[in-house]
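**Student:** next come a sequence and a model predicted from it.
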Amino acid sequence: MAPLGLMETELPSFIPDTDNTDDLRRAFGQFGTGVTLVTTQTAVGPLGMTANSFSSVSLDPALVLWSAACSSKRHDIFAEATQFCIHILGSDQIDIANHFALRGDGFDEHDWVAGPNGAPTMRGCLATFHCDTHAIYPAGDHSIIVGKVTQAAVHSTQRDGLMFDRGRFGRFRADQ
């Protein structure tokens with residue numbers, strides 16, 4: 001067993017620095033995550049945002065969370081939304097992830113319907129969670145948005161999920 005400390009293939013450790021977040025972003029990127037699309041209905045129409053910060057929180061009550069960057073032009077709208085929908089994207093939905101990572105509008109390019117809480121609901125996702133906003137917590141340069149799930153659905157168990165790892169999209173495939 002190798003002694004603790006710097007391994008031949010490791011980069012030196014670092015102290016996170018607000019002037020240079022590249023090293024911390026690279027370290028965070030070593031943890032692969034699923035990819036979601038969060039949508040809400042606004043006074044001017046539907047709005048979406050790609051997020052890989054989704055997590056289940058509680059079964060009773062049914063709670064989930066996701067994080068929105070405060071620097072995002074869409075942050076305030078999502079932070080003020082009373083209802084939203086989280087979509088778990090399949091590996092064949094990279095186009096949706098890319099579209100809503102860059103812009104929040106353009107729903108006419110995608111197949112969607114109004115969900116039970118009014119939030120846009122994309123067809124063809126692996127699962128959807130319609131939520132009422134339960135709480136919002138400031139967290140550094142992000143806001144943690146907690147949703148109470150009012151309706152959920154599994155739409156497909158036969159497709160691979162879309163993953164985000166080291167700044168790249170890909171798919172998860174089980175070894176067994």
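**Tutor:** The structure has been received and is ready for your questions. Computed from a prediction, not measured in an experiment: that's the story for all the values here. Numbers count the residues shown, from 1 in each chain.
**Student:** show me the helices in this protein, by range?
**Tutor:** In the chain, the helices defined using DSSP state H lie at 22-28, 75-80, 94-102.
**Student:** of those, which is nearest Gly48?
**Tutor:** Closest of those to Gly48 is helix 94-102, at 4.2 Å (criterion: Cβ to Cβ). For glycine as for every other residue, the C-beta is placed from the backbone atoms N, C-alpha and C.
**Student:** strands of the protein, residue ranges please.
**Tutor:** 33-34, 36-42, 45-51, 55-58, 63-69, 83-88, 112-114, 120-122, 127-139, 142-154, 162-165, 168-171 (DSSP state E).
**Student:** could you dump the ones you listed into JSON lines with mean neighbour count, mean pLDDT and distance to Leu102 added?
**Tutor:** Listed next are these as JSON lines, based on neighbours: other Cβ atoms under 10 Å; pLDDT from 0 to 100; distance: least, Cβ to Cβ, whole Å:
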{"stretch": "strand 33-34", "mean neighbour count": "16", "mean pLDDT": "88", "distance to Leu102": "19"}
{"stretch": "strand 36-42", "mean neighbour count": "24", "mean pLDDT": "97", "distance to Leu102": "13"}
{"stretch": "strand 45-51", "mean neighbour count": "21", "mean pLDDT": "96", "distance to Leu102": "9"}
{"stretch": "strand 55-58", "mean neighbour count": "13", "mean pLDDT": "95", "distance to Leu102": "24"}
{"stretch": "strand 63-69", "mean neighbour count": "19", "mean pLDDT": "97", "distance to Leu102": "14"}
{"stretch": "strand 83-88", "mean neighbour count": "25", "mean pLDDT": "98", "distance to Leu102": "17"}
{"stretch": "strand 112-114", "mean neighbour count": "14", "mean pLDDT": "96", "distance to Leu102": "18"}
{"stretch": "strand 120-122", "mean neighbour count": "22", "mean pLDDT": "97", "distance to Leu102": "16"}
{"stretch": "strand 127-139", "mean neighbour count": "17", "mean pLDDT": "98", "distance to Leu102": "22"}
{"stretch": "strand 142-154", "mean neighbour count": "17", "mean pLDDT": "97", "distance to Leu102": "19"}
{"stretch": "strand 162-165", "mean neighbour count": "20", "mean pLDDT": "89", "distance to Leu102": "15"}
{"stretch": "strand 168-171", "mean neighbour count": "14", "mean pLDDT": "83", "distance to Leu102": "14"}
